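A.B. asks: Got a predicted structure here, sequence first:
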Amino acid sequence: RKEVEQDPGPFNVPEGATVAFNCTYSNSASQSFFWYRQDCRKEPKLLMSVYSSGNEDGRFTAQLNRASQYISLLIRDSKLSDSATYLCVIINDYKLSFGAGTTVTVRA
Amino acid sequence: EPEVTQTPSHQVTQMGQEVILRCVPISNHLYFYWYRQILGQKVEFLVSFYNNEISEKSEIFDDQFSVERPDGSNFTLKIRSTKLEDSAMYFCASSPTGNYGYTFGSGTRLTVV
């Protein structure tokens, strides 16, 4: 089983729609979870951390389910500028492990 | 906002040549990393560096790779004899503690011809 697995998508959604996707992880001892955003040929940038109780940052909501070993990201009222690849990232042993990314395309 | 700086942004080299990719991490960070991303693939861990030595390396980081922190500010990745399959985007990152606050540089696109 891969350390971090994501649905690659693509998710093609109209502006204003809600889109959600998950990421599963294999190491039950993983402690820190993040969603990063990567635009084409750019560096990954931190979107938000994922906390045990779930957390929101504006239109973005992240959840963690330790029992089933997955995290999720929900984007509400999606904007054209949300088009990107969303990377699930986990810290184990002082280093980041990346999923392959979920591509989201928001159309006008 | 503090940045991680990488140079050059693009490098084209012939197979078999040596390349050095340079990074200036954020000044008060203690953990330094190199990652690479082959076009269309995921970001892969290469090596982590802490307290002036390699703390972990992946199986990708074989004998042709080396890292140095020669002067307390720069952090370099050397590829001794490049292969076509080394063509990728190489990202440097730093973190204050290794547990949070990772910042990535904008990357060096290496093309081996």
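C.D. replies: Now that the structure is in, tell me what you want to look at.
A.B. asks: okay, CA-based contacts and neighbour counts for the rest of this
C.D. replies: Noted.
A.B. asks: And the strands in chain B?
C.D. replies: Using DSSP state E, the strands of chain B run over residues B:5-7, B:10-13, B:19-24, B:31-37, B:43-50, B:53-57, B:65-68, B:75-79, B:88-95, B:103-104, B:108-112.
A.B. asks: Of all those strands, which one comes closest to A:A17?
C.D. replies: When the strands of chain B are compared by Cα to Cα, strand B:43-50 sits nearest A:A17, at 28.4 Å.
A.B. asks: could you say what helices and strands that closest one packs with?
C.D. replies: Contact here means 3 or more Cα pairs under 8 Å, 6 or more residues apart in numbering or on different chains; DSSP states H and E; on that basis strand B:43-50 packs against strand A:95-98, strand B:31-37, strand B:53-57.
A.B. asks: try 7 Å
C.D. replies: Using 3 or more Cα pairs under 7 Å, 6 or more residues apart in numbering or on different chains; DSSP states H and E, the elements in contact with strand B:43-50 are strand B:31-37, strand B:53-57.
A.B. asks: Can you say which of those strands is nearest to B:G105?
C.D. replies: Minimum separation from B:G105 across the helices and strands packed on strand B:43-50 (Cα to Cα) falls at strand B:31-37, 9.9 Å.
A.B. asks: and A:A17, how far is that from chain B?
C.D. replies: To chain B, A:A17 is 27 Å away according to Cα to the nearest Cα, to the nearest Å.
A.B. asks: picking up where we left off before, next, format the strands of chain B as a markdown table and append mean pLDDT and mean neighbour count.
C.D. replies: Conversion of the strands of chain B to a markdown table gives the following (pLDDT from 0 to 100; neighbours: other Cα atoms under 10 Å in any protein chain shown):
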| stretch | mean pLDDT | mean neighbour count |
| --- | --- | --- |
| strand B:5-7 | 97 | 20 |
| strand B:10-13 | 98 | 14 |
| strand B:19-24 | 98 | 22 |
| strand B:31-37 | 97 | 24 |
| strand B:43-50 | 96 | 21 |
| strand B:53-57 | 95 | 14 |
| strand B:65-68 | 97 | 17 |
| strand B:75-79 | 97 | 20 |
| strand B:88-95 | 97 | 26 |
| strand B:103-104 | 95 | 24 |
| strand B:108-112 | 98 | 21 |
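A.B. asks: Any chance of those in CSV with distance to A:N92 as columns?
C.D. replies: Output for those, formatted as CSV (distance: least, Cα to Cα, whole Å):
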stretch, distance to A:N92
strand B:5-7, 25
strand B:10-13, 31
strand B:19-24, 23
strand B:31-37, 14
strand B:43-50, 12
strand B:53-57, 12
strand B:65-68, 21
strand B:75-79, 22
strand B:88-95, 14
strand B:103-104, 17
strand B:108-112, 25
